[in-house]
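J.: fold the following.
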Amino acid sequence: MKKHIITMIIAVLVLVSCDIETSGNGKLDGFWHLERVDTLASGGSMDLSSEHIFWGVQYNLISADDTENGSYGSYYMRFRQTSDSLYITSVYANHWHEDNATDSIGGDVPVVEINNDIRHFGINDIPEQFAKEKLDGSKMVLRSKLLRLTLRRF
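T.: From the prediction side, this is the model:
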C-alpha cells in the first residue's frame with residue numbers, strides 16, 4: 001500500500017512540475033512551401049513551385065527563407081492570428097554574417113520599408129493583413145489587399 005501511495009505522489013509531482021506550452025496556432029504551425037502568387041488586380045499568376053521559398057511557422061514567429069541561393073535573404077516575421085485572419089505585425093531581416101572563422105556578428109534588423117527582397121515572400125506592407133481563404137493540414141491560401149498566396153505543407 002505504501003508503495004502505491006509513493007508512486008502516486010511521484011506521478012503527481014512529475015505532472016505538476018512539467019510546463020507544457022503550446023502555441024495555439026493549430027494547423028498554421030509547420031513548414032510551408034510558397035508555390036504560387038496571384039496578383040488580384042491583374043489576375044496574373046506566378047508559379048513558384050520549383051523555387052525554394054519557405055515559411056516556417058512556430059509559436060508567434062514566421063521564418064521566411066529562400067533556401068536555394070539565399071539571394072532574397074532571410075526574414076523573421078512576428079504575427080498574430082484570428083480564426084479567419086493572419087496579421088504580420090513586424091518584420092526583421094536576419095543579418096548574421098561571418099567576419100572571420102572564430103567571430104560572427106550580426107542580428108535581426110527591423111524592416112521599416114518594404115523592399116523587393118521581402119516582396120519576394122509575398123509581403124507588401126507592414127503591418128500586413130491576410131484573410132485565411134483555406135487552412136488545412138496540407139494547404140494554406142492567404143489573401144492580402146494585393147496578392148493571394150498559395151502554400152503547401154512541406
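J.: so Gln129 sits right up against Asp84, yeah?
T.: No. With contact defined as C-beta atoms under 8 Å, Gln129 does not reach Asp84; the gap is 10.7 Å. Bear in mind the C-beta positions are built from the backbone N, C-alpha and C, glycine included.
J.: just want to know which of these two has more residues nearby.
T.: Set Gln129 next to Asp84 and count neighbours by other C-beta atoms under 10 Å: Gln129 wins out with 14 against 10.
J.: could you give the mean pLDDT of stretch 23-38?
T.: Averaging pLDDT along stretch 23-38 gives 93.
J.: meant to ask about stretch 60-68
T.: In this model, stretch 60-68 carries a mean pLDDT of 91.
J.: okay, buried residues for that stretch please.
T.: Ile62, Ala64, Asp65, Asp66 (16 or more other C-beta atoms under 10 Å).
J.: do stretch 129-139 as well
T.: Across stretch 129-139, burial judged by 16+ other C-beta under 10 Å covers Phe130, Lys132, Leu135.
J.: so what's the backbone phi/psi at the first one?
T.: Backbone dihedrals for Phe130, given as degrees, to the nearest 10, come out at phi -120, psi 140.
J.: wait, what's in contact with Leu28?
T.: The contact partners of Leu28, by C-beta atoms under 8 Å, 6 or more residues apart in numbering, come to Val57, Gln81, Leu86, Leu135, Met140.
J.: out of these, which is nearest to Ile118?
T.: If you rank those by distance to Ile118 using C-beta to C-beta, Leu86 comes first, at 15.9 Å.
J.: work out for me the element the closest one sits within.
T.: For Leu86, the host element (DSSP states H and E) is strand 85-94.
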